[in-house]
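1. Test case, fold it:
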Amino acid sequence: MTLRRTIWNACAALAVTLSLSVTAAAGESGTGNGKDRQRNSLECIFFRSIYDWRAIDRSNLIVWAPSRRSPYHVRLATPCDGLRFTDTIAFSSNLDGRLCAFGGDAIVVDHQRCPIGSITKLSQDELNDLLARTPGQKKKDK
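-> Model (predicted):
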């Protein structure tokens, strides 16, 4: 093996090691299990199963699908003006029948397209914590 090839292999191995270290550190810095949080943030919701929604602030909302027993936290990639004060939102997708955090899916508020950053299935405790952040709302949902 030539010296150039040996150096190249060593650099490639170092890059992979650093990449894995950064990924592991990022997973540990969040709340909860990094693998579960990453898996959950790749959730999708079928349009036909959306039951209800509630805005938390300009960048977060809760979507229930297919019933009030299945809440999802939808984080928007950018803040969406008017989200907290609107009665109606639209969901925009790539026509596959699902709302996902990838592929350009978004919500639309007053003709403003707001891309989805992540969708995470919530436990009852996580739902209660999010609802507690909503100004003017009671802590527990019905």
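
2. Domains in this protein, by residue range?
-> Domains of the chain are assigned by automatic domain parsing as 3-30, 40-132.

3. Could you give the average pLDDT over the first one?
-> Domain 3-30 carries an average pLDDT of 40.

4. next one: the last one
-> Computed over domain 40-132, the mean pLDDT rounds to 92.

5. in terms of contact count, name the helices or strands touching the strand ranked longest in the chain.
-> Counting by DSSP state E, the longest strand found in the chain is strand 112-121. Packed against strand 112-121 by the contact rule (3 or more CB pairs under 8 Å, 6 or more residues apart in numbering; DSSP states H and E) you find helix 34-40, strand 71-76, strand 98-100, strand 106-109. The C-beta positions use only the backbone N, C-alpha and C, and glycine is treated the same way.

6. Report the next helix or strand after the second one in sequence order.
-> It stands for strand 71-76. Counting by DSSP states H and E, the element after strand 71-76 in chain order, helix or strand, is strand 90-92.

7. Next, residue 131: secondary structure please.
-> The three-state assignment at residue 131 reads helix, by DSSP: H, G, I helix; E, B strand; the rest coil.

8. Would you mark the buried spots in the longest strand of the chain?
-> Under the neighbour-count criterion of 16 or more other CB atoms under 10 Å, strand 112-121 has 114, 116, 118, 119, 120, 121 buried.

9. a markdown table please, covering these and showing distance to residue 82.
-> Formatted as a markdown table, these follow (distance: CB to CB, whole Å):
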| residue | distance to residue 82 |
| --- | --- |
| 114 | 10 |
| 116 | 17 |
| 118 | 21 |
| 119 | 21 |
| 120 | 23 |
| 121 | 26 |
